[in-house]
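**Q** below is the sequence, then the predicted model.
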Amino acid sequence: MHEDMASNMYMNFHFNFPDISIRQYLDFFYKHVDILEHYFNMVELSGDQIIRGLLIVLNYERACKKSLMLRMQKRWQEITDSHCFVDIRSDTPISNKVRTHFTTDCIRMLLNKFDIPANIFIDAMFFNVHQQDVISFEYPTNIYKKYRSYFGIKYHEKILLPRNHYILDRLFNIIEDSELYIDKRKGDYLENRAYEIISKFFGGENVYKNLFDENGDDQDIIVLYNGYLLSIECKATKLKEPFINKEKSETRLQRNFKPSLQKAYEQSERIAIHMNKGTAKFYNSRNREKRELVIDLSAIKVTSIRSIAVTLTPYLNLGTDIHLMLKKEGVIKEPWSIDIFSLEQILLKCMHNYNIDFFMGFLENRLDLYGSVFSVSGDELSHFGTYIRYRELFNQRIEGVTTHLGPGYRSFANDFIDLDNYMVFRDYLGI
């Protein structure tokens, strides 16, 4: 293992939010709304009310525009509570600052305007701190575990709220950590979502799902395009928290890696073995008596096999630097590891600005540059953004030279997300 892998994993796991758009978060939430309702079953809030309520406080300013009374209340607070904002420069006008403190009355009025039981919502979502309470010191990495049900703090008639993707990420983790979110449900969601995204990009006639070989072993998704065979394996295994201790962290990372990314590679390699033996036939069932042939690869000209491991959540440096831990004994190249949300953003960018061949060029480039280009933040969007902006400089490996990408490169890949993050509030809340 690379000496920086464990420390990079620890830092990125705890302090880097995943690149999930607001619309992607909402799609995930509404497909698992029953889990949210089960988690908050002690309060009389529907899953929809929980989601909309958090969206409203997340975009407080736009929500206030729905009511003259709320606009007046907002302006009054701006004048009287000028210290309740976060800004970069002290001379920044209030209109460009981000409010982090609110009066309880103002939040209550706003929630009621959108037909959300305000008092119930405030009591359920904000940790109530009393003056006599003693708040113990906590490491930042432990706060989520201790106060996992809360999204902000209520003190007397004030509410303190971090208005960023922390709110949405917290809700995502509540779902992912739920005992109701069993492996089969995770796997089904991931496979169905991956098939939907990939079919839209490559065309449904080129994408095959839920396949079984002669021995009954399964292959999640196969894509055929211009001589390429993309073996896509979906792995919904949760990435467990890396330890700060280097030796313990390396052991845990190995345990994370083997049943997910290593297994995805071995499943893809199995296709190459079948093709060499002339047994690359795939069926719609593992039941030999009832199964029907879906695809016979011996009748199709395949010149290159590429492996893609699609995960539910980012595997960070474990995925971007997959070559450092992979036990590669077969003939195909190392897999490309990508989480489902980043995959969707990359394919959307290619659909809007480029084409399939552009994506295939990026994939080849990405696999060729393992070991010479690294992402500090452990995300594939940085690699894709670099390819968009500087592909002429990164079209081949330069012996003895390594490049370390900062997180800013991802902006070239998902620049369209900023507009969508603005539009999503109109679509879901009408604001």
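**A** That came in fine, so what should we check first?

**Q** specify the local secondary structure of Lys333.
**A** Assigned with DSSP: H, G, I helix; E, B strand; the rest coil, Lys333 falls in the coil class.

**Q** quick check: the gap between it and Leu230.
**A** With distances taken as CB to CB, to the nearest Å, Lys333 is found 12 Å from Leu230. For the C-beta atoms, the positions are set from N, CA and C on the backbone; glycine is no exception.

**Q** again with Arg389
**A** Relative to Leu230, Arg389 is positioned 25 Å away (criterion: CB to CB).

**Q** neighbour count: those two, which is higher?
**A** When Arg389 and Leu230 are compared for neighbours, Leu230 comes out ahead with 22 against 14, by other CB atoms under 10 Å.

**Q** who's in contact with the more buried one?
**A** By CB atoms under 8 Å, 6 or more residues apart in numbering, the contact set of Leu230 is Ile221, Ile222, Val223, Leu224, Arg306, Ser307, Ile308.

**Q** run through the bridge partners of the fifth one.
**A** Note on Arg306: beta-bridge partners by DSSP bridges are Leu230.

**Q** and the helix or strand where Tyr208 lies, what's buried?
**A** Following DSSP states H and E, one finds Tyr208 within strand 207-212. Within strand 207-212, the residues scored as buried using 16 or more other CB atoms under 10 Å are Val207, Tyr208, Lys209, Leu211, Phe212.

**Q** go on, stretch 7-16?
**A** In terms of neighbour count (16+ other CB under 10 Å), stretch 7-16 has its buried residues at Asn8, Met9, Tyr10, Met11, Asn12, Phe13.

**Q** one step back: report the buried members of the contacts of Leu230.
**A** Buried by 16+ other CB under 10 Å: Ile221, Ile222, Val223, Leu224, Arg306, Ser307, Ile308, out of the contacts of Leu230.

**Q** doesn't Ile340 make contact with the last one?
**A** The one in question is Ile308. No - using CB atoms under 8 Å as the test, Ile308 is too far from Ile340 to be in contact (11.2 Å).

**Q** buried residues in stretch 101-108?
**A** Within stretch 101-108, judged by 16+ other CB under 10 Å, the buried ones are His101, Phe102, Thr103, Thr104, Cys106, Ile107, Arg108.

**Q** go through those residues and name the one nearest Pro162.
**A** Checking the buried residues of stretch 101-108 against Pro162 by CB to CB gives His101 as the nearest, at 11.1 Å.

**Q** just to revisit the earlier point, which neighbours do Lys333 and Leu230 have in common?
**A** Arg306, Ser307.

**Q** A helix includes Ile232, no?
**A** No - read with three-state DSSP, Ile232 is strand and lies in no helix.

**Q** near it, how many residues? Count them for me, please.
**A** Applying other CB under 10 Å, we find 27 residues neighbouring Ile232.

**Q** and Thr303, by the same measure?
**A** 8.

**Q** give me the spatial nearest neighbour of it, chain neighbours excluded.
**A** Distance criterion CB to CB, 6 or more residues apart in numbering; nearest residue to Thr303, sequence neighbours excluded, is Gly227 at 3.9 Å.

**Q** quick one on the thing from earlier: in helices, which of the buried residues of stretch 101-108 appear?
**A** Using DSSP state H, the subset of these located in helices is Thr104, Cys106, Ile107, Arg108.

**Q** next, Leu343: secondary structure please.
**A** When classified by three-state DSSP, Leu343 comes out as helix.

**Q** my read is that it contacts Ala309, right?
**A** No - taking contacts as CB under 8 Å, Leu343 lies outside contact range of Ala309: 10.5 Å.

**Q** give the other helices and strands that the strand holding Tyr208 contacts.
**A** Counting contacts by 3 or more CB pairs under 8 Å, 6 or more residues apart in numbering; DSSP states H and E, strand 207-212 is packed against helix 183-202, strand 218-225, strand 281-283, strand 293-296.

**Q** how about low-confidence regions in the stretch 101-250 of the chain?
**A** 130-149 (pLDDT under 70).

**Q** quick one, the strand holding Tyr208 and strand 218-225 angle?
**A** Interaxial angle of strand 207-212 relative to strand 218-225 (axes from the mean of the first three to the mean of the last three CA atoms, to 10 degrees): 150 degrees.

**Q** how far does strand 207-212 sit from the chain's center?
**A** In terms of CA atoms, centre = their mean, to the nearest Å, the centre of strand 207-212 is found 24 Å from the chain centre.

**Q** and the contacts of it?
**A** Contact partners of strand 207-212, identified using CB under 8 Å, 6+ apart, comprise 191, 195, 198-199, 218-224, 282-286, 291, 294-295.

**Q** can you list the domain ranges for this structure.
**A** Domain ranges of the chain: 33-179, 183-352, per automatic domain parsing.

**Q** just say which of those is most tucked in.
**A** Across those, the average number of neighbours (mean count of other CB atoms under 10 Å) peaks for domain 183-352, which reaches a mean of 18.

**Q** tell me how far it is from the chain's mean position?
**A** On the basis of CA atoms, centre = their mean, domain 183-352 sits 17 Å off its chain's mean C-alpha point.

**Q** try stretch 409-425
**A** Centre to centre, stretch against its chain (CA atoms, centre = their mean), the figure for stretch 409-425 is 14 Å.

**Q** how about that stretch: buried residues?
**A** Neighbour-count burial for stretch 409-425 flags Tyr409, Arg410, Phe412, Ala413, Asn414, Ile417, Asp420, Val424, Phe425 (criterion: 16+ other CB under 10 Å).

**Q** put together CSV for those, with pLDDT and secondary structure on each row.
**A** As requested, the buried residues of stretch 409-425 are exported to CSV (pLDDT from 0 to 100; DSSP: H, G, I helix; E, B strand; the rest coil):
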residue, pLDDT, secondary structure
Tyr409, 76, helix
Arg410, 77, helix
Phe412, 77, helix
Ala413, 76, coil
Asn414, 75, coil
Ile417, 79, helix
Asp420, 83, helix
Val424, 87, helix
Phe425, 85, helix
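
**Q** mind putting those in CSV, distance to Gln267 included?
**A** Conversion of the buried residues of stretch 409-425 to CSV gives the following (distance: CB to CB, whole Å):
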residue, distance to Gln267
Tyr409, 31
Arg410, 29
Phe412, 32
Ala413, 28
Asn414, 29
Ile417, 31
Asp420, 34
Val424, 35
Phe425, 41
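
**Q** helix, strand or coil for the closest residue to Met325 other than its chain neighbours?
**A** Excluding its sequence neighbours, the residue lying closest to Met325 (CB to CB, 6+ apart) is Phe257, at 5.2 Å. Under three-state DSSP, Phe257 falls in the helix class.
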